[in-house]
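Colleague: Predicted coordinates and the sequence they were generated for:
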Amino acid sequence: MKPGRRAFFLPRMLTDAPWPAFCQRLARMARGQVLDETPTPGAPGRGRLVVGREEDVYHASALCREFGVLLVPSGARESALPADRAWLRLDVSKFAAIEAVDERAGVVIVQAGCLLGELRSRLSATSWRWHAAGADDESVGAWLERTRGWLPGRCRDSGLDAALVMLADGSFEQLGPFGVDSTRPLRSAAGRQLVSELFQLAADPVVTAMLEEPAWPAGYRIDALVPKPGPGEAAPAPNLAHLLLGSEGTLAWAARLRLRLRDAGLPPPALAVPEQDDKRSGREMPSDRIDAVVKTTFDVGCVFPSSVV
């Protein structure tokens with residue numbers, strides 16, 4: 001593709017130093033704003049990309065892989081960010097639209113930066129509600145990355161139906177119900193391999209045992225692929241999107257979310273445990289091996305932060 005006239009007027013690269021070169025190249029590619037927030041000269045780079053469109057994150061991920069920069073979604077916790085590595089935070093505050101509300105089906109599609117308060121306000125005149133706990137100024141994407149209290153095998157109680165995500169290799173995939181309920185097959189080789197390996201992991205005896213616990217003991221929700229039916233319910237479909245629940249921005253970047261709403265007259269679903277800042281006890285548990293395999297399956301190159309030791 002030939003460069004446009006805008007590219008002709010952009011300055012040439014002013015430095016060969018890795019971090020300034022990274023920032024300059026990203027600024028040339030992205031529609032959103034690129035901010036260098038490195039505290040002192042010589043310190044590992046600290047940047048922020050105010051996302052203007054999905055392509056901004058695609059370009060950022062390619063450059064992060066090239067320069068060895070960590071790509072940090074907004075829900076990542078500080079303790080997962082290595083002090084000796086450069087990183088780029090994704091700021092989705094401008095990527096915040098409510099794209100569609102289907103009042104007949106009780107479904108809404110939102111961009112990751114949509115605030116819970118904006119969604120609640122939009123639904124207030126309808127018979128539907130979004131019952132997720134969280135402050136009005138919290139984004140739906142941040143809610144997704146922190147929420148982890150659902151009963152084992154009951155991730156669908158979260159209301160998350162599907163998510164358009166960018167995987168660690170830069171490919172975009174729609175994760176959602178699998179099998180007969182799938183509305184869009186995975187397109188990339190990385191996505192198809194991901195499915196195969198995750199379903200193999202879901203058959204591990206450790207996962208089978210964890211499903212019988214009163215609260216889900218692992219960090220990642222591999223139980224998304226072995227869902228339990230409720231009383232009188234048909235067998236639910238596995239849902240790949242549910243693996244993002246509570247993932248703290250360590251598996252993929254979620255761009256858009258499709259949410260199933262609840263009737264305004266119904267109470268919110270029960271949680272197995274309250275939302276917690278940190279569930280780990282410091283002891284090595286069988287679930288730690290499962291978490292490590294999930295992380296490696298999604299992000300073998302460590303493009304995103306890691307909470308797995």
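Modeller: It's in.
Colleague: Around residue 176, how many other residues sit close by?
Modeller: Other residues near residue 176 number 21, with proximity taken as other CB atoms under 10 Å. For glycine as for every other residue, the C-beta is placed from the backbone atoms N, C-alpha and C.
Colleague: now it, nearest residue through space, not along the chain?
Modeller: residue 162 (3.2 Å; CB to CB, 6 or more residues apart in numbering).
Colleague: Which strand or helix spans the one you found?
Modeller: Taking DSSP states H and E as the definition, residue 162 sits inside strand 160-166.
Colleague: Residue 295 now?
Modeller: Using DSSP H and E, residue 295 maps to helix 286-298.
Colleague: what packs against that helix?
Modeller: Applying 3 or more CB pairs under 8 Å, 6 or more residues apart in numbering; DSSP states H and E, one finds that helix 286-298 contacts helix 189-202, helix 205-210.
Colleague: coming back round to it: does the residue nearest to residue 176 touch residue 257 like I think?
Modeller: Yes: Residue 162 is within contact range of residue 257, at 7.5 Å (criterion: CB atoms under 8 Å).
Colleague: Sketch out the low-pLDDT regions of the stretch 1-150 of the chain for me.
Modeller: 1-16 (pLDDT under 70).
Colleague: Tell me where the stretch 201-309 of the chain has strands.
Modeller: Applying DSSP state E, counting those that start in this stretch to the stretch 201-309 of the chain gives strands spanning 253-260, 262-263.
Colleague: Could you export the ones you listed as JSON lines, including distance to residue 110 and mean pLDDT?
Modeller: Formatted as JSON lines, these follow (distance: least, CB to CB, whole Å; pLDDT from 0 to 100):
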{"stretch": "strand 253-260", "distance to residue 110": "6", "mean pLDDT": "96"}
{"stretch": "strand 262-263", "distance to residue 110": "16", "mean pLDDT": "91"}
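Colleague: which stretch among these comes nearest residue 235?
Modeller: Smallest distance to residue 235 across the strands of the stretch 201-309 of the chain (CB to CB): 17.7 Å, for strand 253-260.
Colleague: any idea how far the closest residue to residue 154 other than its chain neighbours is from residue 203?
Modeller: With sequence-adjacent residues excluded and distances taken as CB to CB, 6+ apart, residue 154 is closest to residue 228, at 6.3 Å. Distance, residue 228 to residue 203, by CB to CB, to the nearest Å: 15 Å.
Colleague: Kindly report the same for residue 292.
Modeller: 17 Å.
Colleague: if you count what's nearby, which of those two comes out ahead?
Modeller: With neighbours defined as other CB under 10 Å, residue 292 and residue 203 compare such that residue 292 has more, 15 against 10.
Colleague: okay, that one: pLDDT?
Modeller: Looking at residue 292, its pLDDT is 94.
Colleague: where along the stretch 1-150 of the chain do the strands fall?
Modeller: Per DSSP E, counting those that start in this stretch, the stretch 1-150 of the chain carries strands over the ranges 34-36, 46-50, 70-72, 87-91, 98-102, 107-111, 128-129.
Colleague: ok so, going back, if we look at the helix holding residue 295, which residues are touching it?
Modeller: 167-168, 194, 197-198, 201, 204, 206-207, 209-210, 217-220, 222, 243, 250-252, 304, 306, 308 (CB atoms under 8 Å, 6 or more residues apart in numbering).
Colleague: among these, which ones are buried?
Modeller: Listed as buried from these are 167-168, 194, 198, 201, 206-207, 210, 217-220, 222, 243, 250-252, 304, 306, 308; burial here means 16 or more other CB atoms under 10 Å.
Colleague: Can you report phi and psi for residue 155?
Modeller: The phi/psi pair for residue 155 (degrees, to the nearest 10) reads phi -60, psi -20.
Colleague: now swap in the one 3 residues further on and tell me
Modeller: Phi and psi for residue 158, reported as degrees, to the nearest 10, are phi -60, psi -30.
Colleague: Residue 106: neighbour count?
Modeller: If we define neighbours as other CB under 10 Å, then residue 106 has 18 of them.
Colleague: check contacts around the nearest residue to it once chain neighbours are set aside.
Modeller: Here the nearest residue to residue 106 in space, its sequence neighbours aside, is residue 261; by CB to CB, 6+ apart that works out to 4.4 Å. Contact partners of residue 261, counting by CB under 8 Å, 6+ apart, are 106, 107, 108, 123, 128, 129, 130, 159.
Colleague: What is the most widely separated pair among the residues you listed?
Modeller: Between any two of the contacts of residue 261 (CB to CB), the greatest distance is 13.1 Å, for 107 and 129.
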